[in-house]
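> coordinates only, sequence not included:
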């Protein structure tokens, strides 16, 4: 069952996703509903959209957004990227050829109820990015690192021992079934609301002391990006450089991926919303202004400014065999540790 027309009018991003799905000429696009999120007396669908080769031995890149309902700019960036791909497929033979050798997954709104209600949490008051069964054994930031006190407070993890929320479980099930079997996969999870700079984070969020197993691969990917686009404005580093959290979904899924020999690299794009506030302090009059560019020209700039990163990750996934072995060069692990863990 889909959302009622009244709800969808209140959630234009969901309406936009369903309009894309229903277009007759989108023969390359496949979609499915992962689950429905309860919203009062109704249910809102959580969609997964797929382009490209669906064979399990094909590399894949996945773009995720809308885990925090307040951060709707992430959803809008992902939808803009998808719309561009679909337009190009009408004439771009190069892109059509690329999609024979790679798979693109797009999960644009993981938390539709939170987005409808303009809350960080889902409809149960639980922060989905604090909801995985992962605990930090180091000191986390108070409250914001995830807590079990009450759903009245932000960053609530849920009760100890409870199963994950339906939205978080649906995301994890999709990643385990559709992404982890790939020989190589990248994820970009789009958020906003932290700092003046755009930042790319990778696990772990749970530890400042423990690097991930694929540290040198992430380090070499960072080098590729910065050498290819030397004028970019991203800070690329572990999330733990900023704060530690319990229950991070990507920590949980990354650890799940270690059971195989496949390479799974989840990244988080944290769009620096403080720069929008600095340029337009009046947007603080609305809660959404903390996380979303209000001025139309600034919104348009954000929607196009991350397309280079998203395109780069697509091509890095497609061409992983050309560069992944180079990350085994002597000294890269030491350089990465010196940069991030000294």
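Sure thing, it's come through. Owing to the predicted nature of the structure, the values given are computational and were not obtained by experimental measurement.

> Help me confirm that residue 54 comes into contact with residue 105.
No - assessed by Cβ atoms under 8 Å, residue 54 is found out of contact with residue 105, at 10.1 Å. No exception for glycine: its C-beta is placed from N, CA and C like everyone else's.

> So between these two, which is more surrounded?
residue 105 (21 against 11; other Cβ atoms under 10 Å).

> List phi and psi for that one.
phi -110, psi 140 (degrees, to the nearest 10).

> Over to residue 21?
Torsion angles at residue 21 (phi, psi; degrees, to the nearest 10) stand at phi -60, psi -40.

> which SS state does the residue nearest to it when sequence neighbours are not counted fall under?
Leaving aside its sequence neighbours, residue 21 sits nearest to residue 31 (Cβ to Cβ, 6 or more residues apart in numbering; 4.8 Å). Under the three-state scheme (DSSP: H, G, I helix; E, B strand; the rest coil), residue 31 adopts strand.

> before we move on, what about the one 3 residues further on?
Here residue 34 is recorded as strand under three-state DSSP.

> and if you look at residue 25?
Taking three-state DSSP as the rule, one finds residue 25 in the coil state.

> what about the residue nearest to it when sequence neighbours are not counted, neighbour count?
Spatial nearest neighbour of residue 25, excluding adjacent residues (Cβ to Cβ, 6+ apart): residue 90 at 7.5 Å. Using other Cβ under 10 Å, residue 90 has 11 neighbouring residues.

> Next secondary structure after the helix or strand residue 74 falls within?
Assigning secondary structure by DSSP states H and E places residue 74 in helix 72-88. Counting by DSSP H and E, the next helix or strand C-terminal to helix 72-88 is helix 93-98.

> What residues of that following helix count as buried?
By neighbour count with 16 or more other Cβ atoms under 10 Å, helix 93-98 contains the buried residues 95, 98.

> what does that helix contact?
Helix 93-98 is contacted from outside by 28, 52, 85, 88-89, 314, 318, using Cβ atoms under 8 Å, 6 or more residues apart in numbering.

> Filter those down to the buried ones, PyMOL style.
In PyMOL, a selection of the buried entries from those looks like this (16+ other Cβ under 10 Å):
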select buried, resi 28+52+85+89+314+318
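
> Make CSV out of the contacts of helix 93-98 and add pLDDT.
Output for the contacts of helix 93-98, formatted as CSV (pLDDT from 0 to 100):
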residue, pLDDT
28, 89
52, 97
85, 97
88, 96
89, 95
314, 98
318, 98
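
> Give me the below-cutoff pLDDT ranges for the stretch 101-250 of the chain.
Residue ranges of the stretch 101-250 of the chain with pLDDT under 70: 194.

> now do 80
Applying pLDDT under 80 to the stretch 101-250 of the chain flags the ranges 193-196.

> those helices in it, which residues are they?
112-117, 166-174, 215-228, 249-257 (DSSP state H, counting those that start in this stretch).

> just those: most buried one?
Highest mean neighbour count of the helices of the stretch 101-250 of the chain: helix 112-117, a mean of 25 (counted as mean count of other Cβ atoms under 10 Å).

> from the contacts of helix 93-98, which single one is nearest residue 115?
Distance to residue 115, by Cβ to Cβ, is smallest for residue 85 among those, at 22.5 Å.

> Return the distance of the closest one relative to residue 205.
30 Å (Cβ to Cβ, to the nearest Å).

> Also residue 55?
Taking Cβ to Cβ, one finds residue 55 at 32 Å from residue 205.

> more crowded one of the two?
For residue 55 and residue 205, the more surrounded residue by other Cβ under 10 Å is residue 205, and the numbers stand at 29 against 11.

> which ones are touching the more buried one?
Listed by Cβ under 8 Å, 6+ apart, the contact partners of residue 205 are 136, 239-240, 244-245, 248, 250-251.

> one more time with 6 Å, if that's ok
Going by Cβ atoms under 6 Å, 6 or more residues apart in numbering, residue 205 touches 239, 245, 248, 251.

> Could you report the neighbour count for the closest residue to the first one other than its chain neighbours?
So that's residue 239. Of all residues not flanking residue 239 in the chain, residue 201 sits nearest, at 3.9 Å (Cβ to Cβ, 6+ apart). For residue 201, the count of nearby residues is 22 (other Cβ under 10 Å).

> Okay, residue 201 and residue 295: tell me how far apart.
26 Å.

> buried set for stretch 32-43?
Buried residues in stretch 32-43, counted by 16+ other Cβ under 10 Å: 34-37, 39, 42-43.

> Would you check which pair of the residues you listed lies furthest apart?
Within the buried residues of stretch 32-43, 34 and 42 form the most distant pair, 17.1 Å apart (Cβ to Cβ).

> Just the buried positions in stretch 303-315, please.
For stretch 303-315, the neighbour count (16+ other Cβ under 10 Å) marks 303, 306, 309-310, 312-314 as buried.

> would JSON lines of these with secondary structure be doable?
Listed next are the buried residues of stretch 303-315 as JSON lines, based on three-state DSSP:
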{"residue": "303", "secondary structure": "helix"}
{"residue": "306", "secondary structure": "coil"}
{"residue": "309", "secondary structure": "helix"}
{"residue": "310", "secondary structure": "helix"}
{"residue": "312", "secondary structure": "helix"}
{"residue": "313", "secondary structure": "helix"}
{"residue": "314", "secondary structure": "helix"}
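
> Just put the residues you listed in TSV and tack on distance to residue 68.
What follows is the buried residues of stretch 303-315, written out as TSV (distance: Cβ to Cβ, whole Å):
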residue	distance to residue 68
303	18
306	17
309	20
310	19
312	24
313	21
314	24
